[in-house]
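> return atomic coordinates for the entry below.
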Amino acid sequence: MYFTVSSSIRNWGDKLQKRYRYKKYIWWKHFNRPVIFFGFYKPKDWLKFFFHRGEKTIVWCGSDIFQVGLLFRLLQGIKATHICENKIEQGILQLALQRGDIIAKPLCFSNPDDFQICYKPNKNPHVFIHINKKAESESGYYWIESVAPKVPNITFHIYGRMESRKASPNVVFHGFVSEDKFNSDIKNYQGALRLHQFDGFADTVSKSALMGQYPIAAIKYPHIEHAYNSKSLIKCLKSLSKKTKPNYKTRMYYLKKFNQPLV
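Predicted coordinates for the structure are as follows:
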């Protein structure tokens, strides 16, 4: 099996190759081979897909669904397997592609074996979130800003290229760090936050689940705490101080899912 990654998510290329052991796609050499297309963001991605003559699979990564537009009409007539990461994406793709066989399943682009149980209970829990510059609103930063003063015993660790700003004392800005540093830091926390209203299955959530933590997401996923408004987010955050054991159930559920073949 061959794969190609959109330039918009090129940083995932090496990780995907290690994770799934696929070979990198060269369009003029592998035009009739089975290929998985990760991400559908740029005209180049679409051209590769439309001109390919072999078996095709698209893995939709989230926001790319909203960038296709009228091209969905062309996609309706092309035989391909479509994979996305949650029920919300699945519903949109079913409507846009006029077909009911869209596969929805959580994916982990990191190696699941790199994240073992390391959960330690804490009466004053720490949670982490990744937010990039100019993505504060969609990532839920302003939600955190309003909630943080109401849960002073919770420490919010914000990673990513978002600029630091004046906030509640329990909000800590780490800025951009290497993935090794990030993976080392989050082992000390009690859960991840993922507050996007529309999203794929984020690596922060998968890592948190695999480490036996208690991740919280704005999108509803099996065995993941669901925060759909400020009141429910505060409730989820407050419950973290009562979690005395690792979250084995969630870890085992997602470990099984992640170890299934992609296609």
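> give the contact list for the residue nearest the centre of the chain.
What sits nearest the mean C-alpha location of the chain, by CA atoms, centre = their mean, is residue 202, with 1.3 Å. Each residue near residue 202 by CB atoms under 8 Å, 6 or more residues apart in numbering is listed here: 130, 192, 194, 196, 217. Placement of C-beta: from N, CA and C, glycine included.
> is the second one in a helix, a strand, or coil?
What that stands for is residue 192. Here residue 192 is strand, with the state taken from DSSP: H, G, I helix; E, B strand; the rest coil.
> for it, give its distance to residue 132.
Computed with CB to CB, to the nearest Å, the distance linking residue 192 and residue 132 is 16 Å.
> higher neighbour count, those two?
Remark: of residue 192 and residue 132, residue 192 carries more neighbours, 26 against 13, as counted by other CB atoms under 10 Å.
> quick check: bridge partners of the more buried one?
Residue 192 has the following beta-bridge partners by DSSP bridges: residue 128.
> surely it touches residue 125?
No - using CB atoms under 8 Å, residue 192 makes no contact with residue 125, being 11.7 Å away.
> wasn't residue 174 part of a strand?
Yes - the assignment for residue 174 by three-state DSSP puts it in a strand.
> list the residues that contact it.
By CB under 8 Å, 6+ apart, the contact set of residue 174 is 157-159, 185.
> also residue 48?
Going by CB under 8 Å, 6+ apart, the list of residues near residue 48 reads 4, 25, 27, 37.
> pretty sure residue 149 sits in a helix.
Yes - if the criterion is three-state DSSP, then residue 149 is within a helix.
> I'd assumed residue 156 was in contact with it.
No - assessed by CB under 8 Å, residue 149 is found out of contact with residue 156, at 11.0 Å.
> higher neighbour count, those two?
Taking other CB under 10 Å, residue 149 and residue 156 do not tie; residue 156 has more neighbours (22 against 12).
> so the more buried one is in which element?
Here residue 156 is covered by strand 155-159, with elements defined by DSSP states H and E.
> tell me what that strand is packed against?
Applying 3 or more CB pairs under 8 Å, 6 or more residues apart in numbering; DSSP states H and E, we find strand 155-159 packed against strand 126-130, helix 141-147, strand 171-175, helix 179-186.
> output the third one as PDB - backbone C-alpha positions only.
This file holds the C-alpha atoms of strand 171-175, laid out as PDB (Å, rounded to 0.1, in the frame of the first residue of the first chain):
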ATOM      1  CA  VAL A 171      -3.400  29.200  33.100                       C
ATOM      2  CA  VAL A 172       0.200  28.400  32.100                       C
ATOM      3  CA  PHE A 173       1.500  29.200  28.600                       C
ATOM      4  CA  HIS A 174       4.300  26.900  27.500                       C
ATOM      5  CA  GLY A 175       4.500  28.100  23.900                       C
END
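> what angle separates it from strand 155-159?
Relative orientation of strand 171-175 versus strand 155-159 (axes from the mean of the first three to the mean of the last three CA atoms, to 10 degrees): 20 degrees.
> strand 171-175 vs strand 126-130, what angle?
Between strand 171-175 and strand 126-130, the angle comes out at 40 degrees (the same axes, to 10 degrees).
> would you give the sheet partners of strand 171-175, along with the direction of each?
Here strand 171-175 has these sheet partners by DSSP bridges: strand 155-159 (parallel).
> so for residue 261, what's the pLDDT?
Residue 261 carries a pLDDT value of 89.
> let me see the mean pLDDT of stretch 217-231.
96.
> mind listing what's buried in that stretch?
Neighbour-count burial for stretch 217-231 flags 217-219, 221, 224-225, 227 (criterion: 16 or more other CB atoms under 10 Å).
> C-alpha coordinates for stretch 27-38, PDB please?
Extracted in PDB, the C-alpha atoms of stretch 27-38 (Å, rounded to 0.1, in the frame of the first residue of the first chain):
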ATOM      1  CA  TRP A  27       2.300   9.700  -8.900                       C
ATOM      2  CA  TRP A  28       4.000   8.800 -12.100                       C
ATOM      3  CA  LYS A  29       5.300   5.500 -10.800                       C
ATOM      4  CA  HIS A  30       2.400   4.300  -8.700                       C
ATOM      5  CA  PHE A  31      -0.600   5.600 -10.700                       C
ATOM      6  CA  ASN A  32      -2.300   2.200 -10.800                       C
ATOM      7  CA  ARG A  33      -1.500   1.000  -7.200                       C
ATOM      8  CA  PRO A  34      -3.700   1.200  -4.100                       C
ATOM      9  CA  VAL A  35      -3.100   4.600  -2.500                       C
ATOM     10  CA  ILE A  36      -4.300   6.300   0.700                       C
ATOM     11  CA  PHE A  37      -4.700  10.100   0.500                       C
ATOM     12  CA  PHE A  38      -4.200  11.800   3.900                       C
END
